[in-house]
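S.K.: got a structure for you, letters missing:
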Ligand SMILES: Cc1ncc(COP(=O)(O)O)c(C=O)c1O
C-alpha cells in the first residue's frame, strides 16, 4: 500500500505498450524536469508564443488559452449564452469530460447517433433538433472528422450554434481548413492522449466576429500550475513512462472530474511543451499513420476485426478496431463492462495498456433526467461494445505493435468478448 492513501496501490510493471506515451523527446523530458525542479514551470512565459502560433494556424482568429479542453468548451457555451434548460446535441459515443461544461451550464445534453465512421451522424442530429436546441457540440473522434459541412449547413438552417471540438483531431483539415475553425467557435486540447500531447491545456478558437466574445476574466481566474503539476505527477499516464513514479497506480474510477470552478489558464511549461511538439507536428502525424497501418495489417491476419468506414482523412489519435464476433447476444452494460475489465486486466498483466471502449453516454445518464429513444441510437448501441481502441502513438515501435497483435487474440479467446 502506498503510505499516501488507500486509493493508491503499489505496482511495479514494465509496460511494453503504454496507453498514451507522449511523444516528448529527451530534450523535452529534461526541460520539463529542470523546470519543475527549479520552479521555472511557474515563472517564465511561453503562453504568448503558443497563442501566436495557434493564431497563425487558425487564420488569425482570436485564441484564448485554457487549462483544459473542457474549460475551452465552457467558454464556447458562454459565448452562445447557453442558459438553464437549453439543449445541446452531441454524440452518445464521446469522452465523458465534454459533459462537464454542459452540465455546469445547467444545459441538457441530448444524444445523437454515430455513423459508420464512428463520428457524429448529421441525419441523426437533424432528427432530434427541437425548439430548445441551442447548439450542436461536434467532437471529432479518434483522429477522424465528423461531416462538418453537413453539420454547418444544418446549424445555419436551424439557426443554432455549432462548436467544433478538435481535441482528438487537432491537425486534421477538411478542404484545407483546420478542424477547430468550423462552426460558431472551436476548441482544441493538449492533454495526455491528444494529438499534441503536452501535459494539460487547451484553447478556445473564438468566433470569427469578436463582438460575441464574452468577458473571460470571470471564467479564467488564475493559473493553477501547482495543482496541475500534482495531478500530472500522480496520473496513470505519467506512471507508465517515467520510472520514478511508475509504482503509483491511481485508481481512476474513484477520481472525480474537477469542477469547472477550477477552469484556468494554461501555464508556461505546458505551453512550451505544446509549442515544441507543434514544431514537429507533421512528423508525429506521419508516424502515427504508419503505426496505424502496420497494426491494422497485423490484425487483419487474425481475421478477428473489422474496421470503421473511412471516407475522410484520419490522423489516428487511436486506431479503432471492431470485434467481428463479440460473442454475446444482449447488450447489457454490466456484463460487457465486466468482460472488458477482464480483457484489459489480462492485457495489462502482459504489459499492454489498452483503453476500454467509451461507454455510451445515454446509457450512463439516468433516463428520467436525459430522455432518449434507443431506436434513435442504433449504430451506437450496435457498435460501442465491439470497439477496441489501440494505441499507435509515435514512441511505439513496430516491435511493440507486433507483440500487441500477437497477445490480443490469445487474451480475447480466454475472455471470450
Ligand atoms: C473530444 C474531446 N473534447 C474535449 C475533451 C476534454 O479535454 P480535457 O480533458 O483537456 O478537458 C476531451 C477529453 O479527452 C475529448 O476527447
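M.R.: Done, it's in. Bear in mind the structure is a predicted one, so any value in this text is a computation, not a measurement.
S.K.: Kindly state the beta-bridge partners for residue 189.
M.R.: residue 202 (DSSP bridges).
S.K.: Help me confirm that it comes into contact with residue 68.
M.R.: Yes - Residue 189 is within contact range of residue 68, at 6.5 Å (criterion: Cβ atoms under 8 Å). Where C-beta positions appear, they are placed from N, C-alpha and C, glycine not excepted.
S.K.: neighbour count winner among the two?
M.R.: More neighbours surround residue 189 than the other of residue 189 and residue 68, with 29 against 26 (other Cβ atoms under 10 Å).
S.K.: any idea how far the ligand is from the more buried one?
M.R.: Remark: distance between residue 189 and the ligand (Cβ to the nearest ligand atom, to the nearest Å) = 4 Å.
S.K.: ok, now residue 278?
M.R.: Counting by Cβ to the nearest ligand atom, the gap from residue 278 to the ligand is 16 Å.
S.K.: can you check residue 298 too?
M.R.: Counting by Cβ to the nearest ligand atom, the gap from residue 298 to the ligand is 26 Å.
S.K.: what about that residue, neighbour count?
M.R.: Count around residue 298 with other Cβ under 10 Å applied: 16.
S.K.: Which helix or strand contains it?
M.R.: Following DSSP states H and E, one finds residue 298 within helix 281-300.
S.K.: quick revisit: what is in contact with residue 189 and residue 68 at once?
M.R.: 201-202 (Cβ atoms under 8 Å, 6 or more residues apart in numbering).
S.K.: Isn't residue 347 up against residue 354?
M.R.: Yes - the pair residue 347 / residue 354 is scored as a contact, 5.6 Å apart, by Cβ under 8 Å.
S.K.: Would you pull up the residue in the protein closest to the ligand?
M.R.: residue 69 (2.5 Å; Cβ to the nearest ligand atom).
S.K.: picking that back up, return the set of buried residues in the helix holding residue 298.
M.R.: 284-285, 287-289, 291-292, 294-296, 298-299 (16 or more other Cβ atoms under 10 Å).
S.K.: What is it packed up against?
M.R.: strand 319-323, helix 398-415 (3 or more Cβ pairs under 8 Å, 6 or more residues apart in numbering; DSSP states H and E).
S.K.: By mean pLDDT, show me the worst of the ones you listed.
M.R.: Sorting the helices and strands packed on helix 281-300 by mean pLDDT places helix 398-415 lowest, at a mean of 87.
S.K.: what comes up buried for that one?
M.R.: Buried residues in helix 398-415, counted by 16+ other Cβ under 10 Å: 400-401, 403-405, 407-408, 411-412, 415.
S.K.: And stretch 148-168, by the same measure?
M.R.: Those would be 148, 151-152, 154-155, 158, 160-168, for stretch 148-168 by 16+ other Cβ under 10 Å.
S.K.: show me the contacts for residue 57.
M.R.: Residue 57 neighbours (Cβ under 8 Å, 6+ apart): residue 178.
S.K.: Equivalent analysis for the one 4 residues further on, please.
M.R.: Contact analysis of residue 61 by Cβ under 8 Å, 6+ apart lists 55, 181, 205-206, 208.
S.K.: what about 6 Å?
M.R.: Applying Cβ atoms under 6 Å, 6 or more residues apart in numbering, we find residue 61 in contact with residue 205.
S.K.: What parts of the stretch 301-417 of the chain come near the ligand?
M.R.: Contact residues (Cβ under 6 Å from any ligand atom) of the stretch 301-417 of the chain with the ligand: there are none.
S.K.: can you pull out the strands in the stretch 301-417 of the chain?
M.R.: 305-306, 319-323, 387-390 (DSSP state E, counting those that start in this stretch).
S.K.: Adding mean neighbour count, write the ones you listed out as JSON lines.
M.R.: Formatted as JSON lines, the strands of the stretch 301-417 of the chain follow (neighbours: other Cβ atoms under 10 Å):
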{"stretch": "strand 305-306", "mean neighbour count": "16"}
{"stretch": "strand 319-323", "mean neighbour count": "21"}
{"stretch": "strand 387-390", "mean neighbour count": "22"}
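S.K.: which outside residues touch stretch 193-204?
M.R.: Contacts of stretch 193-204 (Cβ under 6 Å, 6+ apart): 20, 22, 54, 63-66, 68-69, 72, 75, 167, 170-171, 187-191, 228, 232, 266, 270, 273-274, 277-278, 317.
S.K.: In helices, which of the residues you listed fall?
M.R.: 54, 69, 72, 75, 228, 232, 270, 273-274, 277-278 (DSSP state H).
S.K.: Just the buried residues out of those, in PyMOL syntax.
M.R.: Filtering the ones in helices among the contacts of stretch 193-204 down to the buried ones (16+ other Cβ under 10 Å) takes a single PyMOL command:
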select buried, resi 54+69+72+75+228+232+270+273+274+277+278
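S.K.: In CSV, list the ones in helices among the contacts of stretch 193-204 along with pLDDT.
M.R.: Compiled in CSV, those are given as follows (pLDDT from 0 to 100):
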residue, pLDDT
54, 97
69, 92
72, 91
75, 88
228, 56
232, 56
270, 85
273, 88
274, 93
277, 93
278, 96
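S.K.: Looking at the ones in helices among the contacts of stretch 193-204, which is nearest residue 380?
M.R.: Closest approach between the ones in helices among the contacts of stretch 193-204 and residue 380, by Cβ to Cβ: residue 69, at 21.7 Å.
S.K.: Just to check, that closest one is in contact with residue 189?
M.R.: Yes - counting by Cβ atoms under 6 Å, residue 189 is a contact partner of residue 69 at 3.0 Å.
S.K.: list the residues that contact both of those two?
M.R.: Joint contacts of residue 69 and residue 189 (Cβ under 6 Å, 6+ apart) are 167, 202.
S.K.: any idea how far the nearest residue to residue 283 once chain neighbours are set aside is from residue 196?
M.R.: Spatial nearest neighbour of residue 283, excluding adjacent residues (Cβ to Cβ, 6 or more residues apart in numbering): residue 394 at 7.8 Å. Distance of residue 394 to residue 196, given as Cβ to Cβ, to the nearest Å: 11 Å.
S.K.: the more surrounded of those two?
M.R.: When residue 394 and residue 196 are compared for neighbours, residue 196 comes out ahead with 22 against 19, by other Cβ under 10 Å.
S.K.: Spatially nearest residue to that one (excluding sequence neighbours)?
M.R.: Residue 196's closest residue in space is residue 277 (Cβ to Cβ, 6+ apart), at 4.9 Å.
S.K.: Same question for residue 94.
M.R.: According to Cβ to Cβ, 6+ apart, the nearest residue to residue 94 is residue 139 (5.0 Å).
S.K.: quick one, phi/psi of the one you found?
M.R.: In terms of degrees, to the nearest 10, the main-chain angles of residue 139 are phi -90, psi 110.
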